[in-house]
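Asks: coords below, sequence missing:
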């Protein structure tokens, strides 16, 4: 399948070619989520080989993966800051 990047798909994150599955997502599911590669492949409709290809790409490109993780973290934080927060509870102890 191969790994590719395209600024118009997933904001340029490395992903498995022909999919919208990022290398980081596969890594997070397998390594951080403690998932078995076969189970992750089934969950994402990939082959087990695709999962291992994404993992190999992750480990062979550490600087790129650090940059992509930092971009994702910044994007998540920006969304948190813009998220609508419920109003504060009124102080009724008064």
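Replies: Nice, I can see it. Note that the structure is a prediction, hence the values are computed from the model and not measured. Numbers count the residues shown, from 1 in each chain.

Asks: which ones are touching the spatially most central residue of the chain?
Replies: What sits nearest the mean C-alpha location of the chain, by Cα atoms, centre = their mean, is residue 25, with 3.5 Å. Residue 25 is in contact with residue 44, counting by Cβ atoms under 8 Å, 6 or more residues apart in numbering. Heads up, the C-betas are built off the backbone N, CA and C, glycines and all.

Asks: Look at it and tell me its secondary structure.
Replies: Look at residue 25: counting by DSSP: H, G, I helix; E, B strand; the rest coil, its state is helix.

Asks: Against residue 16, how distant is it?
Replies: Distance of residue 25 to residue 16, computed by Cβ to Cβ, to the nearest Å: 9 Å.

Asks: got a list of contacts for the longest helix along the chain?
Replies: Determined from DSSP state H, the single longest helix within the chain is helix 62-82. By Cβ under 8 Å, 6+ apart, the residues outside helix 62-82 that reach it are 11, 13-14, 22-24, 27, 58.
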